[in-house]
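Participant: based on what follows, work out the 3D shape:
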Amino acid sequence: MAELMENEVVRAFSTYAVIVVVKMLLMGPMTGYYRFTRGSFSNEEDVARKSAEEKKKLLKTHPDVERVRRCHHNDLENIIPFVIVGLLYALTGPELSVALLHFRIFAGARIFHTIAYIGALPQPSRALSWVVGMLVTFSMAYRVLNTVLFL
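Facilitator: As a prediction, the model looks like this:
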């Protein structure tokens, strides 16, 4: 493992993979923050100590909370494949400059996607950032298949 971590492409991948995974992990606390500040809870046990009248007010959805949840869900759909495909891509031995371009564009696209989603920026800003991230993952997948295709 130590030898593998000496590979510059693997180190670059590890750096950007951790950045986007930490960004994704921060969506959980952000959801909690929005739940508390908007007074919107989805589970009975979250408001167990409240009166019946307060429970009715608190057990509801809120558009801001749902927006953060959808953004988090989108992260799960895109960051997990990036990590898997990106690791395989890094192991194919691409040029460092090309690999860094892939990793940086993906990380930037996902960070911008979150800003666009949470900030409710007008379309096509969010859609374009999603497409850019997806194209990066497909580009890496193509390299992996082109390098190791064994049928």
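
Participant: CA atoms for contacts and neighbours, from now on please.
Facilitator: Noted.

Participant: and the next helix or strand past the longest helix belonging to the chain?
Facilitator: Counting residues, the longest helix found in the chain (DSSP state H) is helix 63-91. Remark: after helix 63-91, the chain's next helix or strand is helix 96-118, criterion DSSP states H and E.

Participant: buried set for that following helix?
Facilitator: For helix 96-118, the neighbour count (16 or more other Cα atoms under 10 Å) marks 96, 99-100, 102-114, 116-118 as buried.

Participant: got the CA coordinates for that helix in CSV?
Facilitator: The C-alpha trace of helix 96-118 is given here as CSV (Å, rounded to 0.1, in the frame of the first residue of the first chain):
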residue,chain,number,x,y,z
LEU,A,96,-0.5,13.0,-14.2
SER,A,97,-1.6,16.2,-16.0
VAL,A,98,-4.6,14.5,-17.6
ALA,A,99,-5.6,12.7,-14.4
LEU,A,100,-5.4,16.0,-12.4
LEU,A,101,-7.6,17.6,-15.0
HIS,A,102,-10.2,14.9,-14.6
PHE,A,103,-10.1,15.0,-10.8
ARG,A,104,-10.1,18.8,-10.5
ILE,A,105,-12.9,19.3,-12.9
PHE,A,106,-15.0,16.7,-11.1
ALA,A,107,-14.4,18.2,-7.7
GLY,A,108,-15.1,21.7,-9.0
ALA,A,109,-18.3,20.6,-10.7
ARG,A,110,-19.6,18.8,-7.6
ILE,A,111,-18.8,21.8,-5.4
PHE,A,112,-20.5,24.2,-7.8
HIS,A,113,-23.4,21.8,-8.1
THR,A,114,-24.0,22.0,-4.4
ILE,A,115,-23.8,25.8,-4.4
ALA,A,116,-26.2,25.9,-7.3
TYR,A,117,-28.6,23.4,-5.7
ILE,A,118,-28.6,24.9,-2.2
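
Participant: what packs against that helix?
Facilitator: helix 8-25, helix 63-91, helix 125-148 (3 or more Cα pairs under 8 Å, 6 or more residues apart in numbering; DSSP states H and E).
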